[in-house]
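1. coords please:
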Amino acid sequence: MIIGGKDRSDYRAMSTQELIEEAKYAIGPQWKELAVALAERLEDKQRKLDGYRYDMAAERSEWEG
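-> Below you'll find the predicted structure:
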């Protein structure tokens, strides 16, 4: 694993576990790019979770769209 020297595109292509490992050692200017990539990943996961919650609520209320 190469630590540092990556841009945001590199971070976006990494798996979640790779991002977590990278975050443990991020220092210097690359931490900002890593932070943006992590925030994007979290937002994506949050959208999926919210969608799941809406689906479950609709299912419980027997809503048919």
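2. Neighbours of residue 40, how many?
-> Residue crowding around residue 40 was assessed by other CB atoms under 10 Å; the count is 13. Glycine gets a C-beta too; all of them are placed from N, C-alpha and C.
3. same question, residue 30
-> Using other CB under 10 Å, residue 30 has 18 neighbouring residues.
4. Return the set of buried residues in the lowest-mean-pLDDT helix or strand in the chain.
-> Sorting the helices and strands of the chain by mean pLDDT, DSSP states H and E puts helix 16-25 at the bottom, at a mean of 85. For helix 16-25, the neighbour count (16 or more other CB atoms under 10 Å) marks 19, 22 as buried.
5. Now do the helix or strand just after it: which elements does it pack against?
-> Next in sequence after helix 16-25, counting helices and strands by DSSP states H and E, comes helix 30-60. Applying 3 or more CB pairs under 8 Å, 6 or more residues apart in numbering; DSSP states H and E, one finds that helix 30-60 makes contact with helix 8-13, helix 16-25.
6. Save the ones you listed as JSON lines, and put in distance to residue 58 too.
-> Listed next are the helices and strands packed on helix 30-60 as JSON lines, based on distance: least, CB to CB, whole Å:
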{"stretch": "helix 8-13", "distance to residue 58": "31"}
{"stretch": "helix 16-25", "distance to residue 58": "28"}
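7. Of those helices, which is nearest residue 36?
-> Residue 36 sits nearest to helix 8-13 of all these, at 5.8 Å, using CB to CB.
8. what's that closest one in contact with?
-> Residues outside helix 8-13 that contact it (CB atoms under 8 Å, 6 or more residues apart in numbering): 19, 22, 33-34, 36-38, 40.
9. Most widely separated two among those?
-> Top of the distance list for the contacts of helix 8-13 (CB to CB): 22 and 40, 14.2 Å.
10. which intervals of this structure have sub-threshold pLDDT?
-> 1-5, 63-65 (pLDDT under 70).
11. give me that answer again for 90
-> For the chain, the stretches flagged by pLDDT under 90 are 1-8, 11, 16-17, 19-37, 51-65.
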